[in-house]
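Novice: Show me how the following folds:
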Amino acid sequence: MKLKFFLFSALFLLAFAPQKADAQTADEIINNYYEVIGGADAWKNLNSMKMTGTAENFGMTFPITVYSMRPNLQKVVVDIQGQQFVEAFDGEVAWTINPFMGGTDPVKKSEEESKEAAKQVFEDDLINYKEKGHSVSLEGTEEIDGIETYKLKLTKADGDEIIYFFDTENFVPIVIRRFINTGEMKGKAIDTYVSDYDEVEGMMLPFSYEQKMDGQTFMKSNFTAIELNPELSADEFKFPEE
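Specialist: Numbers count the residues shown, from 1 in each chain. The predicted model follows:
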């Protein structure tokens, strides 16, 4: 069931909810968002996820699988011309396998890169954001590709900022803006466009992602299947020792 059908029922319920449909505060927008996509409790009960599909880069399309698990374990596997490109974080170390940089052995990333990877937590930062030491502010509205959005700024406890652009009609984010904290491009914004929301076990999830920098697309991902709470072990994310 595609988003437009699901939203009709969800927004009908929202009309009678304590939050206003024309939300004017950050908390009301966040509450409406979780109501529409299946409820914050459903997310709290989610411990792992597996996403399979395709990635587009440099005019080519490759199979991609993304594994993630609480609290911040992550692993991306891309099959490129019979070889596997891997980006992973095992809770302590960020590592990669990049056959296009001279070998097929796993290589640990820098300490700074590992610290950045650790920030990519499994649970949505907006859930219980106050308890996590974060703050949220409503920065007004902004039109993106002809769609009116609420612009919310999340300031994390460590000072990092994430900007969410919520569709004012459907209460789902259509763009999430993060900022690079390391390297030569430090301070640059990466905009992730999320779309094709569909229902998975009662939750509404985006199946399409497009990442842009300075308005230019550098990566697209289109997923055909999303598994919730698959059987995953922390060992699957570990840096492979010799």
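
Novice: Tell me the secondary structure at the nearest residue to residue 89 once chain neighbours are set aside.
Specialist: Counting by C-beta to C-beta, 6 or more residues apart in numbering, residue 117 is the residue found nearest to residue 89 once chain neighbours are left out, at 3.9 Å. In short, each C-beta sits where N, CA and C put it, glycine included. At residue 117 the chain is in helix, as set by DSSP: H, G, I helix; E, B strand; the rest coil.

Novice: Give the rounded mean pLDDT of stretch 194-210.
Specialist: Here stretch 194-210 scores 97 as its mean pLDDT.

Novice: For it, buried residues please.
Specialist: For stretch 194-210, a neighbour-count test (16 or more other C-beta atoms under 10 Å) marks 194, 197, 198, 203, 204, 205, 206, 207, 209, 210 as buried.

Novice: farthest pair in the residues you listed?
Specialist: 203 and 210 (21.3 Å; C-beta to C-beta).

Novice: Just name the shakiest helix or strand of this protein by mean pLDDT.
Specialist: When each helix and strand of the chain is scored by mean pLDDT, DSSP states H and E, helix 3-14 comes last, with a mean of 39.

Novice: Can you give the distance of the following helix or strand past it from its chain's centre?
Specialist: Beyond helix 3-14 in the direction of the C-terminus, DSSP states H and E gives the next helix or strand as helix 26-37. Offset of helix 26-37 from its chain centre (C-alpha atoms, centre = their mean, to the nearest Å): 17 Å.

Novice: Then stretch 47-67?
Specialist: With C-alpha atoms, centre = their mean as the basis, stretch 47-67 stands 13 Å off its chain's centre.

Novice: First-to-last residue distance for that stretch?
Specialist: Terminal residues of stretch 47-67 are spaced 11 Å apart (C-alpha to C-alpha, to the nearest Å).
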